[in-house]
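Asker: The following block contains a protein sequence and its predicted model.
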Amino acid sequence: METRYGNAFVERYSVIPAEFSNGHFPIITIFTAMFMHGGLVHLLGNMLYLYIFGDNVEDNLGKGRFLLFYLLCGIGATIAQIAANPSSTVPNLGASGAIAGVLAAYLILFPRNRVRVLMIFFVMTVSAWFVLGLWVATQIFSAYTDIFHHSATEKGGVAFMAHVGGFFTGVVLVFIFRRKQAAAGISQRLQA
């Protein structure tokens, strides 16, 4: 069945902020939307970030805690996106907000790690602070400009506030979910 956005499945199982704002929504869409993507590039980009940063965070938190952390970051991302544009009728979907929470946890748990990045024709190793700091700054700037340069109901494309919301949810939750021995190591590093 064709609908306004061309896909009844997407509209049924993604988050539509206006529906949440009006109280007419199936709560399950908060979770189903986290496992849907807008295309192969969207999916591969998210999986790349999860592959690079997620395993270290999962090792630190433990499998069960990591799953709960991931889902809560996704919920935080959804709430932030709805709050930023409550009248939007554009379906929101993807794991980007939850993965942004994982990036925040990585930054807090492993602040001195270095990562390899592809720079056009060569690979270089840089601080995780640089890569993730640049990423979050870009998301905040993009969210700010997106709010003021689109109509209230028809914003489409990237849900920047979901990224920002997921990241800041991760910043808060990592201190609750991290393992005790990791917490001691973090406080020692912060004191040094």
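Answerer: Nice, thanks for sending it over.

Asker: what helix or strand does the closest residue to residue 101 other than its chain neighbours sit in?
Answerer: Spatial nearest neighbour of residue 101, chain neighbours left out: residue 73 (2.5 Å); criterion: CB to CB, 6 or more residues apart in numbering. C-betas here are computed from N, CA, C, even on glycine. In this assignment (DSSP states H and E), residue 73 forms part of helix 63-84.

Asker: again, but for residue 116
Answerer: Using DSSP H and E, residue 116 falls in strand 114-119.

Asker: what's the answer for residue 48, then?
Answerer: Judged by DSSP H and E, residue 48 forms part of helix 40-49.

Asker: Could you check the helix or strand just after that helix and say which residues are buried?
Answerer: On the C-terminal side of helix 40-49, the closest following helix or strand by DSSP H and E is helix 55-61. By neighbour count on 16 or more other CB atoms under 10 Å, the buried set for helix 55-61 is 56, 57, 58, 60, 61.

Asker: possible to save those as CSV with pLDDT and distance to residue 141?
Answerer: As requested, these are exported to CSV (pLDDT from 0 to 100; distance: CB to CB, whole Å):
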residue, pLDDT, distance to residue 141
56, 94, 27
57, 96, 25
58, 96, 29
60, 95, 29
61, 96, 29
